[in-house]
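Colleague: Sequence first, predicted model second:
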Amino acid sequence: FNGLTARFNSFTIPAIVAVIIYKQPTTRRTPRHMVLEVYSLEFTPHTTAIRSLCMENGIEITLVPTNPREGACKTPEYLKMNPMHAIPVLKDGDFTMWESKSILRYIANKHNLEAWYPTDPQKRAHVDLALDFCNNNFQNVIGPKVVYPIVGIVSPLSEAEAAEVEKQWKEDVMPSFEHILRRSGGPLFGGSRPNIADLAFLGHLVTVFGKAPDSFVCKTEAISSYFAAVKAALPKYADAFGPSEAFFSAK
């Protein structure tokens, strides 16, 4: 855990406390020329998904480095934006919101990103199903049961606990993952091209492949194939997910 903390703190030295502005050659702006702001750290799984959506679509976004471990989420100003005192938070002019998957939906809706979040009720329901499955099932195994014990956020699992988690993965999580994926025709949740659900899954996969490459998750062939397919489908993958890869693959 001390190693992770050291790496975590290395991203918050004064050199990066200034606001980082990411600009693309072609940008989408609001009628009032408001630039989206996301309060977070650039390597977190939830934030990389948001930044990726913006980068892939030329939407100007500003990252405001916000480190929870330094108390940045407990200030009165921050609590007005997010009383849950967590990252990320999106600020669009006077409008603020949290919950990363809701933020993905908001950006897609605002900028009419039909391919990323279709307006057809059934196609949109498929994206929402994948997003909710990611939030309520997939990431709850990858985070608390696989990555957290490795980095010391929680105590290591006992052999019996580890066996139960792997059983849950094989009998419940993976069959459900593959079922939802088949609905789109694959290889992605968006079919032949990514949608916002793919970005949500990708953030967590970058984390687990970086911190737990020998885990049963990473040794699952369907996951490895999906991971490779999503990365290949994103022209700006390195720009959005590079910091996350560097952070989580560091020893």
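Modeller: Yes, it's here. Numbering: from 1, shown residues only.

Colleague: Which helix in the chain has the most residues?
Modeller: Scanning the chain for the helix with the most residues, using DSSP state H, yields helix 196-211.

Colleague: other SSEs contacting whatever helix or strand comes next after it?
Modeller: Using DSSP states H and E, the helix or strand that follows helix 196-211 in sequence is helix 221-232. When contacts are defined as 3 or more CB pairs under 8 Å, 6 or more residues apart in numbering; DSSP states H and E, helix 221-232 sits against helix 174-184, helix 196-211. In short, each C-beta sits where N, CA and C put it, glycine included.

Colleague: average pLDDT across the longest one?
Modeller: Per-residue pLDDT values across helix 196-211 average out to 96.

Colleague: same deal with the shortest one?
Modeller: Here the mean pLDDT over helix 174-184 is 96, rounded to a whole number.

Colleague: now it: how far from the chain's centre is it?
Modeller: In this view, helix 174-184 has its centroid 19 Å away from the chain centroid, taken as CA atoms, centre = their mean, to the nearest Å.

Colleague: Buried ones in that helix, by neighbour count?
Modeller: Burial within helix 174-184, assessed by neighbour count using 16 or more other CB atoms under 10 Å, is assigned to Met174, Phe177, Ile180, Leu181, Ser184.

Colleague: Nearest residue to the last one in space, please, no chain neighbours.
Modeller: In this case it means Ser184. Excluding the flanking residues, the one nearest Ser184 by CB to CB, 6 or more residues apart in numbering is Gly191, at 4.5 Å.

Colleague: repeat for the fourth one
Modeller: Across the structure, with CB to CB, 6+ apart as the measure, the residue nearest Leu181 apart from its sequence neighbours is Phe189 (6.3 Å).

Colleague: Count residues in the vicinity of the one you found, would you?
Modeller: If you count neighbours by other CB atoms under 10 Å, Phe189 ends up with 27.

Colleague: just the helices in this protein please.
Modeller: 2-10, 45-56, 76-81, 100-110, 121-133, 139-141, 148-151, 159-168, 174-184, 196-211, 221-232, 237-249.

Colleague: wait, the residue nearest to Ser184 sits on Leu181?
Modeller: No. With contact defined as CB atoms under 8 Å, Gly191 does not reach Leu181; the gap is 9.9 Å.

Colleague: List the beta-bridge partners for the closest residue to Val64 other than its chain neighbours.
Modeller: With CB to CB, 6+ apart as the criterion, Val64 has its nearest non-adjacent residue at 4.7 Å, and that residue is Tyr39. Using DSSP bridges, the beta-bridge partners of Tyr39 come out as Val64, Val89.

Colleague: Next up, the contacts around Tyr39.
Modeller: Going by CB atoms under 8 Å, 6 or more residues apart in numbering, Tyr39 touches Val64, Thr66, Tyr78, Met81, Ile87, Pro88, Val89, Leu90, Lys91.

Colleague: same question, Pro88
Modeller: Residues near Pro88 by CB under 8 Å, 6+ apart: Val38, Tyr39, Ser40, Thr44, His46, Thr47, Ile50, Thr66, Trp98, Ser100, Ile103.

Colleague: mind checking how far it is from Thr75?
Modeller: As defined by CB to CB, to the nearest Å, Pro88 lies at a distance of 16 Å from Thr75.
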